[in-house]
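Colleague: This is a predicted model, with the sequence first.
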Amino acid sequence: MIRAVPLRVAIVGLGWVALHRHLPSLMRSHGFQLVGVIDLHEGLAARTAKKYGLPFHAQTENLCDVPWLDQVDALTIAAPPAAHAPLVLAALAKGKHVLTEKPFATSVSDGEAMVAAAQNANKTLCVVHNFQFSRAAKKLQNDLQKNRLGAVKRITATQLGNPKRRLPSWYETLPLGLFYDESPHFFYLLHGLAAGALKLRHAYGVHDPSGMNTPSSINLLYSDDRNIPLTVSCQFDSALSEWHVMVTGEKATGLLDIFRDIYIRLPNDGRHNALQILRTSVCAFAAHFWQHIPNGLALLRGRLDYGNDEIMRRFAAAIRTGKPDDKIDAAHALAVLKLQHEATTALQSNMF
């Protein structure tokens, strides 16, 4: 079988996500050939191109200033969120396929304009919603498909965030700050786990006592077509950084540890007697231990990709086939963006 010639791609914006997620995944990709980098900071694009042996680089925030842009088929956008819409629109106007980081845009109107521009240009527009393709998330999805959890009773997404961890410099400029930047992950995960549309039932938040735009905490309650509760609970001033999704079923409970890329299935513990309690402990310890060994080594080597390799594979396939991928396409991105804004508006009106 003859492998197709890789699509030529360049990265726009060389922050942490670009250098530690986009670039490694593109370098590993069989569907793309990374040929250039673009960044507005002095010397960064040139240094990155030299380090990785790339033929092209440009120091600019305006794609019109890039003389070699006709040498690429696609762009990945890893610039700050406020730049997503103008960069995506400029790239589509130049006939490029585009993959942009989350959050898709900073307003629903910008998101709609991006979707319309992609349709008018007949180009592929996708979003990086990567955790749904992590190894652990796939195990959870497989358990649900095989009914190993039984009838689902509740889905809970929980985030604890330590403010001392590595954070982007621009997050406080967003609506509700860090919530807006990080919440797409939970929205697309819940969107994929829900039966039908997510219906917002209640929302409230707690102001940060120091006056930051990012709240101290937020809580969201949704329901779906099964009329089960789906909740999002985030604390942004925690002493610990953890992201988890829990799916509670009649037969078992599935626990997704997002940061460690670990999935644990714990069986129904019945009467909760001593043997059943010990069984739960053994199941939890064994599953966590045996996944933590390979994942810990991959993390130390910078190879724990959190689904980004799959994102690049799907983006390339969507370009080649011309068929939208409903897990990452523009319609999916816009649906998640609308969930973001619905929640943000509800939270802003009910903060204490």
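Modeller: Right, received. Where do you want to start?

Colleague: Need phi/psi at residue 61.
Modeller: Its backbone dihedrals place residue 61 at phi -110, psi 10, with angles given as degrees, to the nearest 10.

Colleague: measure it to residue 38 for me?
Modeller: 8 Å (C-beta to C-beta, to the nearest Å). In this view, the C-beta of every residue, glycine as well, is placed from N, C-alpha and C.

Colleague: Which of those two has more residues huddled nearby?
Modeller: Between residue 61 and residue 38, residue 38 has the larger neighbour count (other C-beta atoms under 10 Å), namely 30 against 16.

Colleague: Any idea which residue is closest to the centre of the chain?
Modeller: The chain has residue 129 as the residue nearest its centroid, 3.4 Å off, counting by C-alpha atoms, centre = their mean.

Colleague: residue contacts, that residue?
Modeller: 102, 184-185, 188, 311, 327-328, 332-333, 336 (C-beta atoms under 8 Å, 6 or more residues apart in numbering).

Colleague: and what of residue 55?
Modeller: Counting by C-beta under 8 Å, 6+ apart, residue 55 has contacts 35-36, 49.

Colleague: returning to what we had before: which of the contacts of residue 129 tops the neighbour count?
Modeller: residue 311 (27 neighbours).

Colleague: Check what pLDDT the closest residue to that one other than its chain neighbours gets.
Modeller: If the residues on either side of it in the chain are set aside, residue 311 comes closest to residue 130, at 5.1 Å by C-beta to C-beta, 6 or more residues apart in numbering. Residue 130 carries a pLDDT score of 98 in this model.

Colleague: For residue 130, what are phi and psi?
Modeller: Dihedral angles (degrees, to the nearest 10) for residue 130: phi -90, psi -30.

Colleague: Residue numbering should commence at 365 henceforth.
Modeller: New numbering, starting at 365: the last item is residue 494.

Colleague: Can you give the contact residues for stretch 669-677?
Modeller: Against stretch 669-677 from outside (C-beta under 8 Å, 6+ apart): 385-386, 388-390, 392-393, 395-396, 463, 490, 492-498, 501, 625, 692.

Colleague: Please spell out the ChimeraX selection for the buried subset of the residues you listed.
Modeller: Here is the ChimeraX command that selects the buried residues among those (16 or more other C-beta atoms under 10 Å):
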select :385,386,388,389,390,393,395,396,463,490,492,493,494,495,496,497,498,501,625,692
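
Colleague: The stretch 365-514 of the chain: strands as residue ranges?
Modeller: 371-376, 396-403, 420-423, 438-441, 461-464, 489-491 (DSSP state E, counting those that start in this stretch).

Colleague: Of those strands, which stretch is the most buried?
Modeller: Mean neighbour count (mean count of other C-beta atoms under 10 Å) peaks for strand 489-491 among those, with a mean of 29.

Colleague: Distance from that one to the middle of the chain?
Modeller: 12 Å (C-alpha atoms, centre = their mean, to the nearest Å).

Colleague: What residues does the residue nearest to residue 675 make contact with?
Modeller: 385, 670-672, 674-675.

Colleague: Just give the number of residues close to residue 584.
Modeller: As a burial measure, residue 584 scores 26 neighbours (other C-beta under 10 Å).

Colleague: same deal with the one 5 residues further on?
Modeller: When neighbours are defined as other C-beta under 10 Å, residue 589 has 11 of them.

Colleague: Am I right that it falls within a strand?
Modeller: No. Counting by DSSP: H, G, I helix; E, B strand; the rest coil, residue 589 falls outside a strand, being coil.
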